[in-house]
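Asker: quick one: sequence and predicted model below, then my questions.
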Amino acid sequence: MKKRIAVSCLAAASAMLLAGGAANAGKSGPISYKVVATNDLGMHCVCMGFDTFVLLPPFNTLRAQAWQTGAADPVILTDATKYTITYDIVQNTEASLAADPYYQSWVTNAPKLFPGFNPKAANGNYQGLTGSQLRGNMTANATQGMWEVVGVPAYPDMSSNSTTAQKIMTDPLGGPNRNPYLTASVKLYDKTTNTLLASTTTVVPAAFGGCCGCHLNVAKSYGYANPTPRDSFNVMGMLHAQNSSHINIATIDPDGDGIAGPIRCSQCHLDPAMGESVAPGYPGYPVSQYTFSDVLHRWHAQNSVVLTNYDPNIAKDCYQCHPGNNANCYRGAHTTHTTGTPAHNIWCTDCHGDLNQRIAQGQMLQPWSDTTLPKCGTCHTATGEGGGYIGGLFGKYLNSHGHRNDKILCSTCHGEPHALNPSTLAADNAENIALQGLANPIGVCDTCHTGKSTSYGKPPH
Ligand code: HEC
Ligand code: HEC
Ligand code: HEC
Ligand code: HEC
Ligand code: HEC
Ligand code: HEC
Ligand code: HEC
């Protein structure tokens, strides 16, 4: 597979280029336009219902880079007065989400979980916590040479908008299978003439975590014969009070409607992924001294009931909670590597450490941070990580630019950290195949340059 040029795809790509590019003969070659988009995370967890508690809300972030070829070096395009980049989460239509009971649970409970937030925008469409809708325009960030849309409320699709073959993810609650790998269609337009200059697709993952896989059984072990998610929450709250905090979280009623919940765990357990630097707390209750990542990982890795009755290997079985559920969100190039160091198929624990190592290294004291998340440079040399560093949430890889003059995001050429090209999911490879005729990271120089080389190589990092 690797490094073999798929001729038919190359031909298709150049035909597209001729059709799409403004055919001005420049000094070095015809002008054409390219756009590449990536989801920030190769994996994103969402909950299956929101009337009891929320771990993480629907929230996906897309980035895109666009450039013009024709001269020796590509010109990165970020001038929002001249260009528009649109995005569209293809499977998530307004109608499909209106017919989805889990999404409707979000619509009902989101204003209780996030007071002041309206899950419908003024135009009647669904919107995420930042106001981003399922389709719209991306925002240019000239400093970073990229475009971005933050907080799209993408949700695993069970409607007829996904094919049966795409609906690979099982539902721990027993509902219909769903498509966790949604498609974002991303298009670059000339703003003045509204001409389509280039288009691409990328995968937007949104998948269910696995808590219910165990917790319905935990509820059974406490006497519920046919437990509902609410029963499971009641047991969880009882345990939370009995074992560690004196707080029965299943009795908190933040919206005061007389029915307990919905609660947000990160209200008391700091979670930087929620955009907060202190846990805001609920009136009348203490906040935890521990981060959310810390309590969840440490409690389960060290709890004797978990280790004895549920999974003695939980410290290595990340899919117990991370999706999982047949979505198997870690699917990148490393899944199939058996050479190098380590000389076996690389698993989560090779990059992150297992849960006991993560605890011992204090990783969860600073979760979601470049100080604790893995780096490519731990195993590879001369990666260029840290170049054109953006900073903020997440690690060094997602926030770095590489190649000469640090103008291209690592993820533009390589894809998301858990779906690195070539990925085992065909949809992850589609955009690189369209650009350069093969699924590897972008390495055909003339995808961007003109007159450098039309064969595949490793661009200087
Ligand atoms: C491998 C099975 C398993 C998975 C997966 C799992 N849990 Fe648990 N969890 C347990 C068991 C077992 C207990 C303790 C039961 C007991 O003490 O009898 C527990 C306890 C808890 C508690 C009580 C903590 C306390 O202070 O006593 C909470 C809260 C909790 N789990 C939340 C979650 C959430 C949220 C997820 C998903 C992100 C999850 N669990 C995934 C098995 C699991
Ligand atoms: C009202 C505040 C509050 C809420 C809401 C809350 N917790 Fe806690 N939690 C605490 C406190 C306080 C502790 C005790 C540990 C401490 O002092 O930090 C704790 C302890 C825990 C522990 C045991 C940690 C340990 O090391 O002993 C787990 C696991 C846990 N919480 C999970 C959750 C989950 C999952 C949710 C959401 C479903 C949640 N908590 C919601 C306040 C809260
Ligand atoms: C008991 C359930 C559970 C298990 C098992 C689990 N995770 Fe998590 N993990 C979660 C939840 C829930 C979150 C989201 C927490 C948050 O929002 O901060 C999370 C977040 C993370 C994060 C981001 C936050 C941080 O700490 O930087 C990393 C990295 C991570 N998990 C790695 C792993 C790895 C690696 C494994 C297996 C070795 C694993 N997890 C096993 C539940 C689990
Ligand atoms: C735990 C160690 C480890 C980490 C961390 C790691 N890799 Fe790798 N990577 C490997 C191994 C081992 C191979 C296979 C090398 C071989 O076959 O000789 C590999 C191969 C690759 C390849 C294929 C290159 C080739 O010559 O076959 C690419 C591309 C790659 N990694 C990119 C990355 C990126 C990007 C990151 C960071 C997001 C990263 N790697 C993080 C261990 C790692
Ligand atoms: C090849 C190495 C590698 C493997 C294997 C890997 N990760 Fe990661 N993971 C990373 C890197 C690198 C980051 C930091 C990306 C960034 O933000 O720069 C990361 C980040 C994360 C995050 C935080 C969100 C994010 O993307 O920043 C979570 C959660 C996570 N990994 C969980 C897992 C789980 C669970 C598995 C296995 C199912 C896994 N990872 C396998 C390298 C790896
Ligand atoms: C212009 C596209 C491009 C950019 C930008 C880019 N890479 Fe690469 N990278 C490649 C190609 C192509 C390869 C060769 C892969 C192969 O051998 O199949 C590669 C190889 C790698 C490897 C594999 C080990 C090696 O040295 O061969 C790592 C690790 C890596 N890149 C990390 C990064 C990181 C980190 C960044 C951002 C700082 C980055 N790359 C930016 C295209 C790029
Ligand atoms: C994804 C797009 C992309 C790919 C693929 C790419 N480059 Fe580049 N390259 C750039 C950008 C952007 C610049 C910076 C131009 C600037 O500074 O304005 C650059 C600059 C350079 C420079 C420094 C300026 C110059 O022209 O001397 C060199 C050398 C270079 N690239 C070599 C390569 C080689 C060799 C390959 C193929 C193995 C390659 N590039 C593939 C985007 C790319």
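Answerer: Yep, that arrived. Ligands and ions are numbered 1, 2, ... in the order given.

Asker: domains for the protein, by residue range?
Answerer: Each domain of the chain is listed here as a residue range: 7-205+422-447, 222-302, per automatic domain parsing.

Asker: could you dump those to TSV with distance to residue 334?
Answerer: Just so you know, the C-beta spots here come from the backbone N, C-alpha and C atoms, and that holds for glycine as well. Converted to TSV, the domains of the chain look like this (distance: least, C-beta to C-beta, whole Å):
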stretch	distance to residue 334
domain 7-205+422-447	10
domain 222-302	22
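
Asker: could these be laid out in JSON lines, adding mean neighbour count and distance to ligand 5?
Answerer: JSON lines is the format used below for the domains of the chain (neighbours: other C-beta atoms under 10 Å; distance: least, C-beta to the nearest ligand atom, whole Å):
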{"stretch": "domain 7-205+422-447", "mean neighbour count": "19", "distance to ligand 5": "4"}
{"stretch": "domain 222-302", "mean neighbour count": "16", "distance to ligand 5": "8"}
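
Asker: hang on, residue 35 in a strand?
Answerer: Yes: inclusion of residue 35 in a strand is indicated when DSSP: H, G, I helix; E, B strand; the rest coil is applied.

Asker: isn't it up against residue 86?
Answerer: No: counting by C-beta atoms under 8 Å, residue 35 sits too far from residue 86 to count as a contact (10.1 Å).

Asker: quickly list what's touching both of those two.
Answerer: When C-beta atoms under 8 Å, 6 or more residues apart in numbering defines a contact, the residues bordering residue 35 and residue 86 alike are 186-187.

Asker: would you turn the domains of the chain into a markdown table with mean pLDDT?
Answerer: Written out in a markdown table, the entries for the domains of the chain read as follows (pLDDT from 0 to 100):
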| stretch | mean pLDDT |
| --- | --- |
| domain 7-205+422-447 | 91 |
| domain 222-302 | 96 |
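
Asker: what's the closest of those to ligand 3?
Answerer: domain 222-302 (3.5 Å; C-beta to the nearest ligand atom).

Asker: pull up the distance across that closest one, start to finish.
Answerer: Terminal residues of domain 222-302 are spaced 20 Å apart (C-alpha to C-alpha, to the nearest Å).

Asker: begin at 20 from now on, thanks
Answerer: Okay, residue one is now 20; in that scheme the one you just asked about reads as domain 241-321.

Asker: distance from the chain centre to that domain, please.
Answerer: In terms of C-alpha atoms, centre = their mean, to the nearest Å, the centre of domain 241-321 is found 24 Å from the chain centre.

Asker: what's the answer for stretch 87-105, then?
Answerer: A distance of 26 Å separates the C-alpha centroid of stretch 87-105 from that of its chain, computed with C-alpha atoms, centre = their mean.

Asker: quick one: that stretch near ligand 7?
Answerer: Yes: using C-beta under 6 Å from any ligand atom, we find that stretch 87-105 touches ligand 7 at 91-93, 95.

Asker: of those, just say which sits nearest to ligand 1.
Answerer: Distances from the residues of stretch 87-105 next to ligand 7 to ligand 1 were compared by C-beta to the nearest ligand atom; the smallest belongs to residue 95, at 39.5 Å.

Asker: how about the closest one, nearest residue that isn't a chain neighbour?
Answerer: In this structure, residue 95 finds its nearest non-sequential neighbour in residue 164, 4.6 Å apart by C-beta to C-beta, 6 or more residues apart in numbering.

Asker: which non-adjacent residue is nearest residue 198?
Answerer: Nearest residue to residue 198, sequence neighbours excluded (C-beta to C-beta, 6+ apart): residue 181, at 3.6 Å.

Asker: could you pull out the strands for the stretch 120-269 of the chain?
Answerer: For the stretch 120-269 of the chain, the strands defined by DSSP state E, counting those that start in this stretch occupy 154-156, 158-160, 165-171, 200-209, 214-224, 226-227.

Asker: out of the ones you listed, nearest to residue 148?
Answerer: Residue 148 sits nearest to strand 165-171 of all those, at 5.3 Å, using C-beta to C-beta.

Asker: so what touches the closest one?
Answerer: For strand 165-171, contacts defined as C-beta under 8 Å, 6+ apart pick out 78-85, 97, 104, 106, 108, 147-153, 155-160, 223, 428.

Asker: which ones are touching the closest residue to residue 313 other than its chain neighbours?
Answerer: The spatial neighbour of residue 313 that comes closest, neighbours along the chain excluded (C-beta to C-beta, 6+ apart), is residue 383 at 3.8 Å. By C-beta under 8 Å, 6+ apart, the residues touching residue 383 are 310, 312-313, 316-317, 377, 391.

Asker: and the furthest pair within the residues you listed?
Answerer: The widest separation within the contacts of residue 383, taken as C-beta to C-beta, falls between 317 and 391 and amounts to 14.1 Å.

Asker: surely residue 106 is in a strand?
Answerer: Yes: note on residue 106: a strand contains this position according to three-state DSSP.

Asker: which bits of the stretch 370-480 of the chain sit near ligand 3?
Answerer: Within the stretch 370-480 of the chain, the positions near ligand 3 by C-beta under 6 Å from any ligand atom are 371, 373-374, 382-383, 386-387, 391-392.

Asker: which bits of the stretch 70-219 of the chain sit near ligand 1?
Answerer: residue 74.

Asker: secondary structure element for the closest residue to residue 351 other than its chain neighbours?
Answerer: Using C-beta to C-beta, 6+ apart and skipping the chain neighbours, the partner closest in space to residue 351 is residue 439 (3.5 Å). Here residue 439, judged by DSSP states H and E, is contained in no helix and no strand.

Asker: give me the pLDDT for residue 439.
Answerer: The predicted structure scores residue 439 at 97 on the pLDDT scale.
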